[in-house]
Structures are given as structure tokens and as C-alpha cells.
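Enquirer: Sequence and predicted structure, then a few things I'm wondering about:
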Amino acid sequence: MSESIQYPVSPAAAGWKDVPLPFSLATRVGNLLFVSGQASTDENGKIVAGTFEEEFRRSLENMRNVLKAAGSDLDKVVQVRSYIRDAANVKLYNELYREYFSEPLPARTTLTNCLPEALHFEIECIAVI
């Protein structure tokens, strides 16, 4: 049996006026939702620079908006992949992460020293609907 692929989140549903880049905010296969990388962007997709903490929080809220628009939420996330520009922020990242995710924690991969100067943080996830 072949699973159908759906793209359940429109830019407007996630709080975006338009997606300026060529990607889907989320892709659904069965009851799994794959959320594209979310960074510290505003409703026009423009980067909102700030401290690591500010960018982390905006990125998580953007991800939460996409999850909710597709019928899921942070408590349904099963895997997270995070990108941190400066490895010196990993300790703060772990502290902030626990504000958004609780036990049992999702599976997680964290990559450091991998983002352009314009971003401190980006996050993507897989969640259950």
C-alpha cells in the first residue's frame, strides 16, 4: 500500500504572508509530519537577528506554528535536528530546549559551526499527527 504525500500547511496557516524560498513548510506521510528548518524569521520570511536566546525562541515559536497548523504540537515531536552557528551556545541551547521539550525527550541531533553569519540557530523536526 502506497502512502500519499500531503503538504498540509499553507504559509498563511503558519503565520507567514508568503514563503520566499522554494520549500514546503511541512510534508505529511501517513501520521508523520516532517517540518522544514525554522529559523528566526518574521511573517515575511525575513531573518530577525537577535541574541542566541531570542533567535532560539522565535525559531521554536515558528516551528510550533507550523506544527499546530498541521494538527500537531511540540509534545508530539519525535525527532529534532538543530543547527547552532557557535558551539559556545550549546550549553544555553540545552537549557532553553528543556523549556520547550520534556521527558521523554525526542531523539535529537545537534550540529554546530554550520550556519551562515546571518543566523545563530535553526531547527527542524519530525512529529506525529
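Expert: Arrived safely, thanks for sending.

Enquirer: quick one, helices of the protein?
Expert: Taking DSSP state H as the criterion, the chain contains helices spanning 52-69, 90-100.

Enquirer: Which other helices and strands does the first one contact?
Expert: When you say that, I think you mean helix 52-69. Helix 52-69 sits against strand 26-29, strand 32-39, helix 90-100, strand 121-128, with contacts defined as 3 or more Cβ pairs under 8 Å, 6 or more residues apart in numbering; DSSP states H and E. Just so you know, the C-beta spots here come from the backbone N, C-alpha and C atoms, and that holds for glycine as well.

Enquirer: between these, which gets nearest to residue 50?
Expert: Residue 50 lies closest to strand 121-128 among these, at 9.9 Å (Cβ to Cβ).

Enquirer: which parts of the closest one are buried?
Expert: By 16 or more other Cβ atoms under 10 Å, the buried positions in strand 121-128 come out as 121, 122, 123, 124, 125, 126, 127.

Enquirer: okay, the angle between that strand and helix 90-100?
Expert: Calculated by axes from the mean of the first three to the mean of the last three Cα atoms, to 10 degrees, strand 121-128 forms an angle of 40 degrees with helix 90-100.

Enquirer: orientation of strand 121-128 relative to strand 32-39 in degrees?
Expert: 170 degrees.
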